[in-house]
Structures are given as C-alpha cells and as structure tokens.
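Trainee: what's the 3D shape of this:
(chains A and B)
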2 protein chains.
Amino acid sequence: MKFIILFGGASFEHEISIVSAITLKEKLIELDLSFIFCDQDHKFYLIDSSKMKATTFSKGEHKKMPQLSLNHGSFSQKSMFSSTEIKGTVINLIHGADGEDGTIAALLDFFSIRYIGPNVNASVFSYDKRYTKYLCKAKNIKTLNYEILSSKVHQNLTIPYPVIVKPASLGSSIGVSVVKEESELDYALDTAFEYDSNVLVEPFIEGVKEYNLAGYMADGKMNFSIVEEPQKEEFLDFEKKYMDFARSEQVLKADISEELVKKLKSNFEKVYRNLFEGALIRCDFFVINGDVYLNEINPIPGSMANYLFKDFKFSIVSLSNSLPHTKRAKVSYDYIHSIASAKGK
Amino acid sequence: MKFIILFGGASFEHEISIVSAITLKEKLIELDLSFIFCDQDHKFYLIDSSKMKATTFSKGEHKKMPQLSLNHGSFSQKSMFSSTEIKGTVINLIHGADGEDGTIAALLDFFSIRYIGPNVNASVFSYDKRYTKYLCKAKNIKTLNYEILSSKVHQNLTIPYPVIVKPASLGSSIGVSVVKEESELDYALDTAFEYDSNVLVEPFIEGVKEYNLAGYMADGKMNFSIVEEPQKEEFLDFEKKYMDFARSEQVLKADISEELVKKLKSNFEKVYRNLFEGALIRCDFFVINGDVYLNEINPIPGSMANYLFKDFKFSIVSLSNSLPHTKRAKVSYDYIHSIASAKGK
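Mentor: Here you go, the predicted structure:
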C-alpha cells in the first residue's frame, strides 16, 4: 500500500503544513511513502524523503527537485521522452487555504486520485466558521452564540465582553484575539480583517473546560481517539500552535467520566456522519454545565492528531481501506439522439 | 474582451449543458468566444465554433479536435514543440455535477483562471438541496418544511401527502416525482435514490404560485432580470426542461404587484450577497399567502436565463468586469527561519 503525503499550499498555514509532514514521516516510517510539495504558486514537486527538512523549503531547494503535473489517476513526472507516475493514496496534509477549503479535494476528485481528507462539502462546512455554525444549527449541535462582522460594517456588539474575535476562515489561531473591553476591539478587528473579510465574534469564557477528540470512519463504524484536555494558557497563539503541529508523543487521556466521553463521541458522530467520510478529523469541544458545545472542526488536524491514537499507523491504513467511492455520472446522448432523429438528421 | 464557454461535464445534465452552450453561442454572437468541452472522462477539447452542434458530441466527433490541458492562467493546447494558450474569462456552463458542485470552480481558482459562475462555497450551498435549507435557516429565508431520507433508512414521513420527492443534489427535475399517496412512495424513492444517496421530501402544493428571478452583482450593486411566472404543468419533467435550456426568446414579465417584485428581489439579495458574487444565478420562489419561499437556487441556470434579461450581452460583459478578486495567501518562512537560526543551522 502506497501513500503520498501532500503538503505546503498557498496558505497562511504553509509552514505548519511542512512541520506536520515532517512529523508524519517519522510516525509512518514503515509505510511506503512519497512526498509531494505544493508551493505558493501552486506548482507540485516530488521531494526526496532524505530532503524532508524545513530548510529545504525555506531555502527554495525544492525547486531543484522534479516538478509534477496532475494527470488522470496520478501525479506524473514528465521528461522529454517519458513520464513516470507517482501513485498512491494521497494524505491531504495541506492545512488552511487550498487543503481545507475544498480546492485540493476537488482537484483530486476531478483527476480520480484517492485521498484521505475532507471532500468538498465537508471542507466548506469546516473551513469557514460561519458555515460550521449553519451545520450545527441544522444538526442540533450546541455551539456558542456568535455574531458575524463583515469588514465594511461596524456595529455595536450584542455579545457582552470579554469576547474572542476570529477570522471566519482560518485555523491555527492566526488572527485570533481575546478582547476584554471595548477599547481593545478595534485593534482586534483590524488584525482579524487582515486575514479574512468576515470575522466571527463569540463570548470568551475564562477557564472553560476544553476537550479534543479525533476520529474517522472505517467499515461503516466510527473509530475514536482518546479524549485530550489540551494544556492551555489563555489560548494557543500561532507560535505555540506551530510547535504543536510537530507533536508526536502520545498524550494522556483526560480524566473525565465515561458519561462525558460518551456525550463527546455522540456529538462527534453527529458532525461526522454523512459528511466527513474519508477524513480523519479532530473536533474541539467546550463543556459548560455538563453540556457539550462544538468549538471547531479541524478537518485536517496538525500532524493528523497522531498523538491521540494508540496505533496511528493502523488508523491510517484502515481509513485508507474504506475510503468512500465517488460515483461519477454516466453520460448518455439519448435526448440528443432522439431529437436528432426526429429532425431526420 | 474574450470569453470561453466551458460546457459538458461528467454529469446527468451533460446533454443539457451542450444545448445551453449552443444557445449561448447565438445569444453572445458579437463577443469573442471560444468553446471548451469537458467530456465524461474529464478531458478538455477545444471545439471549433462551426462544430457547435449537438451531434458533434453525441457522435464523438469532438475527439478529433485539439485536446487541452489546464495550466496556470489558461487552458493550453500542446504540440511537440509549442504550446498555444486559450485565454479569456470562462463562463462556467457545466450544469449539475462538476459545474455546480464546486469542482470546476476549485480547478479554475487553483489555476488562477477568471470565471463567471459560483465559487466553491456558493456551489456547495446551492447544489445540494439540504445545504440550501441550512443556508436559508441561517439567513432567515423561508423555505418549505422538509425531511431528509438516506438510502438505508426507511421511515414514516411526517409530511402529509401529496409530497414531492427529489434527489438531494440534482437539478433539471431529474429523478423528481410527485407522490399523491403512500402506495406511490416506494417507486418514487427508488427513482430518486438512483441519482443520490440522500433524498429530500417536501409538501407538494397544488397550483402554488411560482416565480423565477435571475440576477447578479456588478460594481457592488444588484442587477435583476424581469420576474417570470413559469408556465407549468404539474412540474417540468426532464424532457420539457431539456427543451427549456434552449430558450432564447425574451419572455413576458409576470403580472404581479410592485410590492411582490420588491419582496422577491429582497429575498434574492439575501441569498446572493456575501456568497454568490461572480455568478449570475436564478432563484425560483413560491408565493403562499403573500409570503415568499425559496424553492431552489440555480447557480448556473439553463442558457444563463438569457431570456429573462433585456440586454443579456451587456449583463455578461458587466458581470465579467466586476468579478471578485481572490486574494491568495502570501507564504513566508519566518518561523522556520527563526527556529533554524535558534538551533544554529
């Protein structure tokens, strides 16, 4: 079984995707792995395993490596007289734009390349936090109250301070601020609007209990990781999250009741089923007065949340063995034929 | 100003896309047009304008025409020693799968090709009728009650008969049935499930008033077509809709009050703003007791609903002049540099 780790992307999270890929290389070392890097100009390069170091990319050394193009069924390396195909199940490890917004999923679907990762629909509902709210409302999953600000409209918030301000469509805490009083709001909005033209405002709850759970579906059954209670200061900023994407040591499971674990899993499943099949995702929850609230869906979590799984390699292999089949519509020309023959043509 | 009409696709609506493209060729005859056909195997062909006839495709004659590949900024025709670029603003005219599900939008975004049509997010919210319901709920737009059936779950309907049964993600009335009593339900479900694994059931309201309105945004302002009251028998089946995609004669505007026109436009704008920018869409509404209900969003209406616009060519040109710019994230290697230098590498 061959796998291709696809990473990089024209995204603010480009660097953490590189870190994620390097981490995954170590975690999946016994598997047959290839590495494909998508640079900021949307060019693909085949990276030699021995060159999988952060400085390869920051120094631009990848440009000396073979460039690839997308073909039906594979990436391919073309030379003057021949073409080599790079085959395998893609692990989409491009965080943020490109990888999580549905672009890469659509590309791989169009070229009939199998992948582990969110499909186009799943990407749209998880990449933009507004649409995660729509999804939760429709599926009766609790979330915090929210307000959307669009760059041109300034208004008084209806949510009392302190609040948390987030660009609608970015992960990894980029552009996120906690705002304790009105005087700090403008600066926080300026920061967030640098990254997105829509900004989400939610109540900030000091000391709220937070739990992360990852999982995937294989053979029609949900498989869950352990529940983690993330260590946090007020919240993880980008630099801390950056280091977080390199995590590879298994963590201790949260000391919580079986009943709460059940509730978290049942909320996870509500999010996942009929939308995220084919992906390994992490859901981040809040627990307030015993009720579970969905905070965020990470459809491509940092280093695939490997540290939450007892046997991560097994998880990847079994997910890969039960990827959903996309049925492509069979095209017929029945109507054209019948009309053409009615016209005597 | 050059335009490329992109049509075909691996979709149940493949044939009507061909009809749509032929109609548009006539309507936009004074513009500089190229024609690119996407076949059911996702290969692109450059079609000579004189060959834009339905039988070209049903007889497979397109296979003798130049094959194109996607490049950054354009489609290109490659020969042994040179490469010709086909440039212009793409009019995405692939109805149904590929064109309306976000795939083509993602492809064109990835390769930085400008297009008229729904972006990935807009596609997801209009292609799948379940997600249109989510959108309307979040934006306080009225829709009919509904129930979702998934192929493996059979249950008693909570909606009283008669009902209308629709595959969740298909347009053009394909797989749609009106079910007057329970004994007819099984057959209708079998038909719908042939096309999709999720089926939407809604009340069927005999003789309900139906109005169609198309529009787009240019220079930050909404531009609306006339309101049409579609002629209908019980509902248009595929064969009738097929002919409908070839419409090119302007229709008469519905004889309704200014107040109702206003309400329809205001509902249209709620759907459109902050999601459909760059697309010319048609919304189909019901009016019940003076209230407006959204029935369906057609993000790529048949022959672009040209027959609803007084000056269709002007509409296409002005939309093309105000396509939204997608800002691509600037990639930096600041963190990798700082970490590498901290390590003394």
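
Trainee: Pull the contacting residues for A:Tyr293.
Mentor: A:Tyr293 is in contact with A:Lys142, A:Thr143, A:Leu144, A:Phe285, A:Phe286, A:Val287, counting by Cβ atoms under 8 Å, 6 or more residues apart in numbering or on different chains. (Each C-beta comes from the backbone N, C-alpha and C, glycine too.)

Trainee: Tell me the bridge partners for it.
Mentor: A:Phe286 (DSSP bridges).

Trainee: just the strands in the stretch 1-150 of chain A please.
Mentor: In the stretch 1-150 of chain A, the strands defined using DSSP state E, counting those that start in this stretch lie at A:2-8, A:32-38, A:44-47, A:67-71, A:74-78, A:83-86, A:89-92, A:115-116, A:147-150.

Trainee: now the fifth one and strand A:32-38, what's the angle there?
Mentor: Which is strand A:74-78. 70 degrees (axes from the mean of the first three to the mean of the last three Cα atoms, to 10 degrees).

Trainee: Tell me how many other residues surround the closest residue to chain B within the stretch 101-250 of chain A.
Mentor: At 3.3 Å from chain B, A:Ala106 is the closest residue in the stretch 101-250 of chain A, using Cβ to the nearest Cβ. A:Ala106 is flanked by 25 other residues according to other Cβ atoms under 10 Å in any protein chain shown.

Trainee: and if you look at A:Asn223?
Mentor: For A:Asn223, the count of nearby residues is 16 (other Cβ under 10 Å).

Trainee: what's the helix or strand for it?
Mentor: Per DSSP states H and E, A:Asn223 falls inside strand A:221-228.

Trainee: Report pLDDT for the most centrally placed residue in chain A.
Mentor: Among the residues of chain A, the one closest to the centroid is A:Ile300, at 2.7 Å (Cα atoms, centre = their mean). According to the prediction, A:Ile300 has pLDDT 97.

Trainee: Can you tell me the closest non-neighbouring residue to A:Ser58?
Mentor: B:Tyr333 (3.6 Å; Cβ to Cβ, 6 or more residues apart in numbering or on different chains).

Trainee: measure that neighbour to B:Ile288 for me?
Mentor: Distance, B:Tyr333 to B:Ile288, by Cβ to Cβ, to the nearest Å: 58 Å.

Trainee: And those two? Which one has more around it.
Mentor: Taking neighbours as other Cβ under 10 Å, B:Tyr333 and B:Ile288 compare with B:Tyr333 leading, 17 against 13.

Trainee: show me the biggest strand of chain A in terms of residues.
Mentor: In chain A, taking DSSP state E as the definition, the longest strand is strand A:209-218.

Trainee: mind checking how far it is from the chain centre?
Mentor: In terms of Cα atoms, centre = their mean, to the nearest Å, the centre of strand A:209-218 is found 13 Å from the chain centre.

Trainee: what helices or strands is it leaning on?
Mentor: Secondary-structure packing of strand A:209-218 (3 or more Cβ pairs under 8 Å, 6 or more residues apart in numbering or on different chains; DSSP states H and E): strand A:221-228, helix A:258-272, strand A:281-288, helix A:312-321.

Trainee: What are the structural domain limits within chain A?
Mentor: According to automatic domain parsing, chain A comprises the domains A:2-117, A:124-142+A:207-321, A:147-203.

Trainee: Quick one: closest of the ones you listed to A:Lys327.
Mentor: Nearest to A:Lys327 among the domains of chain A is domain A:2-117 (11.5 Å), distances taken as Cβ to Cβ.

Trainee: Next, the buried residues of stretch A:40-54.
Mentor: Neighbour-count burial for stretch A:40-54 flags A:Gln40, A:His42, A:Phe44, A:Tyr45, A:Leu46, A:Ile47, A:Met52, A:Lys53, A:Ala54 (criterion: 16 or more other Cβ atoms under 10 Å in any protein chain shown).

Trainee: One more: stretch A:206-225?
Mentor: Those would be A:Glu210, A:Tyr211, A:Asn212, A:Leu213, A:Ala214, A:Gly215, A:Tyr216, A:Met217, A:Ala218, A:Asn223, A:Phe224, A:Ser225, for stretch A:206-225 by 16+ other Cβ under 10 Å.

Trainee: Stretch A:290-305 now?
Mentor: Neighbour-count burial for stretch A:290-305 [16+ other Cβ under 10 Å]: A:292-305.

Trainee: How about stretch A:283-290?
Mentor: Within stretch A:283-290, judged by 16+ other Cβ under 10 Å, the buried ones are A:Cys283, A:Asp284, A:Phe285, A:Phe286, A:Val287.

Trainee: Among those, which one lies nearest to chain B?
Mentor: Distance to chain B across these (Cβ to the nearest Cβ) is lowest for A:Cys283, with 18.3 Å.

Trainee: was I right about the closest one contacting A:Val292?
Mentor: No. A:Cys283 sits out of contact with A:Val292 when judged by Cβ atoms under 8 Å, with a separation of 9.8 Å.

Trainee: How about the residues of the stretch 51-200 of chain A by chain B?
Mentor: Within the stretch 51-200 of chain A, the positions near chain B by Cβ under 8 Å from any Cβ of the partner chain are A:54-55, A:57-58, A:69, A:72, A:96-98, A:101-103, A:105-107, A:109-112, A:120-121, A:123-125, A:128, A:130-131, A:133-135, A:137-138, A:150, A:198.

Trainee: now with 6 Å?
Mentor: A:54-55, A:58, A:97, A:102-103, A:106-107, A:110, A:120-121, A:124, A:134, A:138 (Cβ under 6 Å from any Cβ of the partner chain).

Trainee: Looking at these, which are in helices?
Mentor: Judged by DSSP state H, those include A:Ala54, A:Thr55, A:Ser58, A:Thr103, A:Ala106, A:Leu107, A:Phe110, A:Val120, A:Asn121, A:Val124, A:Tyr134, A:Ala138 as members of helices.

Trainee: What pLDDT is listed against the second one?
Mentor: The predicted local distance difference test score for A:Thr55 is 94.

Trainee: just the last one next, same as before
Mentor: According to the per-residue confidence, A:Ala138 scores 93 in pLDDT.

Trainee: What is the nearest of the buried residues of stretch A:283-290 to A:Leu323?
Mentor: Closest to A:Leu323 out of those is A:Cys283 (20.4 Å), distances taken as Cβ to Cβ.

Trainee: what residues are up against the closest one?
Mentor: By Cβ atoms under 6 Å, 6 or more residues apart in numbering or on different chains, A:Cys283 lies in contact with A:Leu213, A:Phe268, A:Val271, A:Ile297.

Trainee: Out of the residues you listed, which is nearest to chain B?
Mentor: When these are compared for distance to chain B (Cβ to the nearest Cβ), A:Val271 wins out at 13.5 Å.

Trainee: Return the residues in contact with that closest one.
Mentor: Per Cβ under 6 Å, 6+ apart, neighbours of A:Val271: A:Cys283.

Trainee: Could you check the pLDDT of it?
Mentor: At A:Val271, the predicted lDDT confidence score is 98.

Trainee: Quick check: it vs A:Cys283, distance?
Mentor: Distance, A:Val271 to A:Cys283, using Cβ to Cβ: 6 Å.

Trainee: cool, and A:Ile336?
Mentor: Distance, A:Ile336 to A:Cys283, by Cβ to Cβ: 47 Å.

Trainee: Same check on A:Arg114?
Mentor: From A:Arg114 across to A:Cys283, the span is 24 Å (Cβ to Cβ).

Trainee: related to what we said a few turns ago, how about the domains of chain A, which one is nearest B:Thr84?
Mentor: With distances scored as Cβ to Cβ, the stretch of the domains of chain A nearest to B:Thr84 is domain A:2-117 (17.6 Å).

Trainee: Touching, A:Phe312 and A:Ser303? I think so.
Mentor: No. Using Cβ atoms under 6 Å, A:Phe312 is not in contact with A:Ser303, being 9.4 Å away.

Trainee: What ranges in the stretch 151-300 of chain A fall below the confidence cut-off?
Mentor: A:152-155, A:171-172, A:232-244 (pLDDT under 70).

Trainee: Good, wrapping up.
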